[in-house]
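Visitor: Task: produce atomic coordinates for the following.
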Amino acid sequence: TVPKEPAVLRQNVLDTAAAILACGIDPKKCLLFQQSLVSEHAELAWILGCLTNVPRLLRLPQWKMKHASQNNEGTAGLLTYPVLQAADILLYKSTRVPVGEDQVLHLELAQDIAQRFNKKYGEFFPVPKAILSEL
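Guide: Below you'll find the model as predicted:
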């Protein structure tokens, strides 16, 4: 949600892919792709954003903390980022999502959005469940 220079962003994408591969992910057994090149993520985020009310987003702790740290000038991208996360999860009809404690409320938002969508348009998205990471 913070603007980056295009060259830096391109290098960050390559560095991230290299780090994932260095961790032992086998590209013959899994699909590795640059999410920002899949337009359906942004398209679904728009649709889901139209089903999500702003007061719910304003109550999320991550928004409150980052908004305060940015001198109360948080961006729309920062506010709506949890809706994009929900789109990322729901687009692939994920049923289980590994999350840390700090992301539980965002997953609960994804669950609520899935339920709201299903109630309005019929059963389409599974309601994802959290798999809490253990440290």
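Visitor: And the contacts of stretch 6-15?
Guide: Under the criterion CB atoms under 8 Å, 6 or more residues apart in numbering, residues 4, 34 lie in contact with stretch 6-15. Quick note: C-beta positions are derived from backbone N, CA and C, even for glycine.
Visitor: now stretch 125-135
Guide: Contacts of stretch 125-135 (CB under 8 Å, 6+ apart): 89-90, 93-101, 104, 107, 110-111, 114-115, 117-118.
Visitor: Show me just the buried residues among those residues.
Guide: For those, a neighbour count by 16 or more other CB atoms under 10 Å gives the buried set as 89-90, 97, 99, 107, 110-111, 114, 117.
Visitor: In helices only, show me the contacts of stretch 125-135.
Guide: Members of the contacts of stretch 125-135 lying in helices (criterion: DSSP state H): 89-90, 104, 107, 110-111, 114-115, 117-118.
Visitor: Closest to residue 43 out of these?
Guide: The nearest member of the ones in helices among the contacts of stretch 125-135 to residue 43, counting by CB to CB, is residue 90 at 12.0 Å.
Visitor: Would you check that that closest one makes contact with residue 110?
Guide: Yes - using CB atoms under 8 Å, residue 90 is in contact with residue 110, at 6.5 Å.
Visitor: and of the ones in helices among the contacts of stretch 125-135, the nearest to residue 65?
Guide: residue 104 (15.2 Å).
Visitor: and the gap between the closest one and residue 130?
Guide: Distance from residue 104 to residue 130, counting by CB to CB, to the nearest Å: 6 Å.
Visitor: Quick check: buried residues in the lowest-mean-pLDDT helix or strand in the chain?
Guide: Within the chain, no helix or strand scores below helix 61-69, which has a mean of 82 by mean pLDDT, DSSP states H and E. Across helix 61-69, burial judged by 16+ other CB under 10 Å covers 63, 66-67.
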